[in-house]
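> Let me see the structure of the following:
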Amino acid sequence: MRRLAASLALASALAAVSAYAVSIDAGNGLRAAWEGQAINAVEVAGKALPGVTARLELLDPRTQKPADAAQFALQAQLEAKNGALWLNGVVTVNGTNDAVADLVLRVEGVALATGDGTTEPLLLAAKFVNKLPIAPLRTLADGQDQLTLAMPADAPYVFEFRGLPAEKAVVMRLPLGFSNQAAPAFQMKAPFSIVICATTPKWHFRSALAEYYRLFPARFERVEKRHGGWFFANETKNIPDPQHFAFHEGQGSIEEDHDRNMGMFPYNETGSETIELAGPGLPKDYDDAIRQMSDLETKIAPAAWRMTGGALDEQVRHGGKYAFRAVADRPDLSRNAFQSLMLDEPIKTPVVVTAWSKAENVAAGPAPGDYSIYIDCLLADGSYQFGQCAVFKPGTHDWEKAEWIIQPRQPLVELRVYAMFRNRTGTAWFDDITICRQGKPETNLLENGEFESMGVRKDIVFVRDNALTDEKDHYRVLITDNWGSDEPPPTPLSLLRFICNVDPDLRNPDARPTPASRGLNFFDTLFKGNSGIDGCYIDGSGAWTCWYLSHRPDHFRFVSHPLTYEPTTFRVAQHGRFQMFKWLRCIQDRYRAQGRTILGNQGPSTDAWTSYTALDIIGIESSIFQDHALMGYHRFGGYQKPVLPMNFVNLHKLDDRATAEEFVLASAQWGHFPSTGRLVREGYASFGDVCHSYYPALVEMSQAGWEPEPLVDGVHAERFGGGEPVYLTVRAPETPRRGKLVVHPDLFRGIDAPVVMDAVQLSPVPAQVTPQGIEIEVADGAAVLTILRVSSAANARQWQLERAARHCENAAIVRGKSENTDRLKAIAKDLRGLKPEGDAGIGAVLARVQTERTKVAQEPDGLEKTSQALELLDAERTVAEWLLFTGGATLELAGARVVPASQPASLAAQFNPAQTGATLLGSWAFPDRNILRLAKPELPGTLTPGAQPVVVQRDLPGAGQVRTALRVPVAGAEPVTVVRAANVFFSPVATARVERTADPAGKAFLYRVIVQRLTEPCPLLVKAAGAGAVIEPTQVELAPDQTIAQFRVAATESKTEVVGLKFGVHTAQGKLVAEAASEFRSLPMPPDGDVALLSLGATVAADSSYSEYQPETAIDGVWETSALHWTRKAWASADRADKDGHWLEIRLPKPTPISQVWLYWCIDNNHVFSSRNYDVDIWEGNAWKTVAQVRDNPLSTVSKHTWPSSVTEKVRLHQLDTGGPASRPHIMWVTEVCLYNRGTLN
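Now for the predicted structure:
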């Protein structure tokens, strides 16, 4: 190392460091002293960080002691690059045997700087530590957040950040694996880089994010220019509000998509391969599943075909040696031979399908195509022609020929061909299938249509080549009865879904396909057939492969990132998330050059950060939008890329208005586009008006781009934009507040005379420019969302005209191309051509808008009419707001905006029309929360005139409004009525919360209602009510100094219902001032002695599990689960069963005397789901013995069964087919299983 004079190298704090230390200067005030493999001092912004040092070390993960120096070598160097310090190095291993080690960077004098992510929005939520590759550090000496550790976004590896508060240190651990079978760059070595950044303490974690985006701009670059939601599983023409969507997942008519300004993104799920078993029913376990799959391989299989539930027949055939035979003795069985035919070139001409079939006692069915040669055609425009069928007759007949001519509406790209036999009983044979271009019968496009050539099951070969394996060398496979969509199949399937390696560098022997090569071929063929397709949709980009380690050494030679290891067996592995990262980057690089972008489904997972960095559009299917910190996490991963939470009306209760409003507001706060799939019409009917209110601002925010540092003080806001304009989203708490939002001068520097506008309501917001910034008084609550827009007045005027024009353009595309499309687009063009400061031509343009609105009003009622009418009303209202703003009109509502509940709020309108000629029509009160822009003026019969005060009153906390109507005259057009709304928030005078505890001695539940008075001490009365619950007492008086009212509800085994309990807090005069709620579950408490516990070594297995449920939940010892997330409340089987029903098996660690079981059934949404018909079995060494046979079990929260004490090591609950709860007979839903010995064996 080169020798430096300390006085020249470092500031005074660094001067004490060894003279052999090298000063590494990042060039922005971040400097460090590097010596050996340690950082001996750190300086940020000219100030030394006392006590902050760091050192690298290699540990043996088995012992946590230093790794063997004779086996492992560590080389590292600290370098400065792009305003950060980079700790680059490599760990190498002597020898060729697999090895593992932990590379640990230990930083002294710091702590992880974390919070909850919601009440402390500038801090990293503690639950996201290790869920993103950034760790903000707090210097313990001064409590400032000045440093960040990070993993490079373009060279990821497995990592862990861990705070060690007792040791006053933070460690970053890289669990490294080494293999001689790895790619040359990683063969027995692991290169690494760790980034150290300086951050601005004021912005905490947000400053760390800003640095990360700056250092790795290519990974976070926004390429996609569309702004809108995500839609799938419906026809584009069925969307009543296409103006709120921009991305169509799947295929359809590309013209219909583009006419509605939507891009088409054909579906591909690269990360798994599914093998369909014959069924019926699911395999019992992994071994049974693999055995059944292996049995498929041993059967004679025709080349190019995949047979499900059928076989080749040498005795009965039309020609040659074989025919395909399908036999079904029940109609719910599906038998078919399948071939996917990817055409070399798109075919534009008709295609002729012919085949022969023989039938024996084939029953008639509901659809002729269920016994046919059934073909789904993928077309060049990305759409499908489904169900092209050459149909055969039912009954009994000798060989007959069927023929069908496919008339493609677009060139054919792929044919998915089935010799189909389903929903029928009987026997059918298929043979001599041909698919030819019309006029060219000599060329059969189908491979092996005569079933003569034998081959292998290519899908099973694909699994064996590409599936990931676990530490036991088992394939990673999901045993399921459905494809995983939001709608299950009508008949349960028997599927093995294998998780596969999507690494595009993976190569198999004999050039056999890989998931990536197959995916590229799919997209290349589509894009070749239709250059207008906009991009790719990748399902599972944040799932499947991303969740698992793979232990396949034959795949290690293709890795591009360091290997890791499994932490219990210490077996070397590759993490699947890096395979997905490479796949996404591969298609991103390949298709970006063609002008296409990549939409990926991340889901709500936090285990696939690297996928965020390799996508252009971030989809979050089934978002957990109630988790505000998680919604922020999605934005952190996407930065300025479109982020699209997509939830289902039927699964996520979006038909409930309050839930739907929260979905939109929670999304809009972060600039996400809330979307609905499949049930788009139902979604629009439920909350389309909310989307109309917020989507226009969302589009503008998306164009401006989210920035991590808000540059505001006082009230927190999220910022969008770094120049002019700037948007700020302010999400209110539930409890009303008063505060001040101060916009930093840096944010509006260069903006002349800035003004603040409400970007939803379109009206000016009072603000004052001071030396500290723009000061905005905030009075809000009830979880409302305010979107503010900061710009110059000239920019604001132009913005209002642009917004009006967009409303006209939105109306123009509601039906795609319709009779008014061109006229509405022409109006939009003319609106943009007006002079922002005022234009006499506005009346003529507005009159045309009003004419179009009148025409729409005459149409038959329907969702499309509503959608178009609201856009035109919004255009009209926006023009009127532009006239008011341009003409200098002002409206103020004088009075308090936050008042105690039960007290009246009085607001008086003060209107100055200036030069506009507008008149004040009057005001009125609205007693509830309203988050909509009031585009459609519906005035009450009586208005409070002029400046007279309007009184709003509520007994309970919440929000109300004072609404004021203005009449705006427009020369050459009809006057426009504008309604402005001023929210009033009512703060609680008292709060109440409920604590529920069990009283085992009294066999009851106790409810403690804790009351807090927020004003003066006063007597209160707490009343309790709950239908069907015996509550003692029913009311409790609280003296002024008392705060707790206690109620008791007895738990009786005879009652099974779940009862909602309500507690109301009243004044002495009887006025309700606070409410709280709980629930009563008639659950007897389990006695001591349960041996079916995970903590005691018991294990559990099940025939199947519903998505995201785990059988271990049934023996975790938690029987009272009302406060838990739904996935932790219970275990649920799949919602379908074979003829053997469902089973849940408890395995004890040793033979144990058992004589009793307590079964706690699931309680969901206040409904009990107890099974009706089931057996309790015990294992007797070589067979099951039934000890309790239950039929017509009455509805109950708990079922108890007793038998003579027997020694056993396994107990099984066996639910008969359709023996589940009456409302869902195919499911088995268990909260907890308790096993006891109540007999004589002890």
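> next SSE after the strand ranked longest in the chain?
Using DSSP state E to define each element, the chain has its longest strand at strand 1142-1164. Moving toward the C-terminus from strand 1142-1164, the next helix or strand (DSSP states H and E) is strand 1167-1169.
> Now do that next one: which elements does it pack against?
Judged by 3 or more C-beta pairs under 8 Å, 6 or more residues apart in numbering; DSSP states H and E, strand 1167-1169 is in contact with strand 1142-1164. Where C-beta positions appear, they are placed from N, C-alpha and C, glycine not excepted.
> related to what we said a few turns ago, quick one: average pLDDT of the longest strand of the chain?
Strand 1142-1164 carries an average pLDDT of 94.
> For the residue nearest to T200 when sequence neighbours are not counted, give me its contacts.
Ranked by C-beta to C-beta, 6 or more residues apart in numbering and with sequence neighbours excluded, the top spatial neighbour of T200 is S207, at 4.2 Å. Applying C-beta atoms under 8 Å, 6 or more residues apart in numbering, we find S207 in contact with 136, 145, 148, 199-201, 708-709.
> Which single one of the residues you listed is nearest to L379?
For those, the minimum distance to L379 (C-beta to C-beta) is 43.4 Å, reached by P708.
> What are the phi and psi values at the closest one?
Taking degrees, to the nearest 10, you get phi -70, psi -30 for the backbone angles of P708.
> mind checking how far it is from F159?
Separation of P708 from F159 (C-beta to C-beta, to the nearest Å): 21 Å.
> likewise S611?
Plainly put, S611 is 16 Å away from F159 if you go by C-beta to C-beta.
> how far does stretch 958-972 sit from the chain's center?
38 Å (C-alpha atoms, centre = their mean, to the nearest Å).
> which parts of that stretch are buried?
Using 16 or more other C-beta atoms under 10 Å as the test for burial, stretch 958-972 gives 958-970.
> re earlier: alpha carbons only: can I get the longest strand of the chain in PDB?
Once non-C-alpha atoms are left out, strand 1142-1164 reads as follows in PDB (Å, rounded to 0.1, in the frame of the first residue of the first chain):
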ATOM      1  CA  HIS A1142     -59.800 -35.000   2.600                       C
ATOM      2  CA  TRP A1143     -57.500 -36.000   5.500                       C
ATOM      3  CA  LEU A1144     -55.300 -34.300   8.100                       C
ATOM      4  CA  GLU A1145     -52.800 -36.600   9.800                       C
ATOM      5  CA  ILE A1146     -51.100 -35.700  13.200                       C
ATOM      6  CA  ARG A1147     -47.800 -37.600  13.700                       C
ATOM      7  CA  LEU A1148     -46.500 -37.800  17.300                       C
ATOM      8  CA  PRO A1149     -42.800 -37.900  18.100                       C
ATOM      9  CA  LYS A1150     -43.300 -41.300  19.800                       C
ATOM     10  CA  PRO A1151     -46.100 -43.800  20.600                       C
ATOM     11  CA  THR A1152     -48.400 -42.100  23.000                       C
ATOM     12  CA  PRO A1153     -51.700 -43.100  24.700                       C
ATOM     13  CA  ILE A1154     -54.500 -41.100  23.200                       C
ATOM     14  CA  SER A1155     -58.300 -41.200  24.000                       C
ATOM     15  CA  GLN A1156     -59.700 -37.900  23.000                       C
ATOM     16  CA  VAL A1157     -59.600 -35.200  20.300                       C
ATOM     17  CA  TRP A1158     -60.800 -31.600  20.400                       C
ATOM     18  CA  LEU A1159     -61.400 -30.200  17.000                       C
ATOM     19  CA  TYR A1160     -61.600 -26.400  16.700                       C
ATOM     20  CA  TRP A1161     -63.300 -25.600  13.400                       C
ATOM     21  CA  CYS A1162     -62.500 -22.500  11.400                       C
ATOM     22  CA  ILE A1163     -64.500 -19.300  12.000                       C
ATOM     23  CA  ASP A1164     -64.400 -17.000   9.000                       C
END
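> Just checking: what are the partner strands of that strand?
If you go by DSSP bridges, strand 1142-1164 pairs up with strand 1099-1102 (antiparallel), strand 1167-1169 (antiparallel), strand 1198-1215 (antiparallel), strand 1229-1236 (antiparallel).
> ranking those by mean pLDDT, which is last?
Per-stretch mean pLDDT for the strands paired with strand 1142-1164 is lowest at strand 1167-1169 (a mean of 84).
> Next secondary structure after that strand?
Moving toward the C-terminus from strand 1167-1169, the first helix or strand encountered (DSSP H and E) is strand 1174-1179.
> Flag every buried residue along whatever helix or strand comes next after that next one.
With elements assigned by DSSP H and E, the helix or strand that comes after strand 1174-1179 is strand 1184-1190. Using 16+ other C-beta under 10 Å as the test for burial, strand 1184-1190 gives 1184, 1187-1188, 1190.
> Quickly run through the sheet partners of strand 1184-1190, with directions.
Going by DSSP bridges, the partners of strand 1184-1190 are strand 1174-1179 (antiparallel).
> ok, back up a step: to E269, which of the strands paired with strand 1142-1164 lies closest?
strand 1099-1102 (25.6 Å).
> Give me the residues contacting that closest one.
Applying C-beta under 8 Å, 6+ apart, the set of residues contacting strand 1099-1102 from outside is 285, 1111-1112, 1114-1115, 1131, 1133, 1142-1147.
> Which among those count as buried?
1111, 1114-1115, 1131, 1133, 1142-1147.
> can you tell me which residues contact A812?
The neighbours of A812, taking C-beta under 8 Å, 6+ apart as the test, are 820-822, 824-825, 828.
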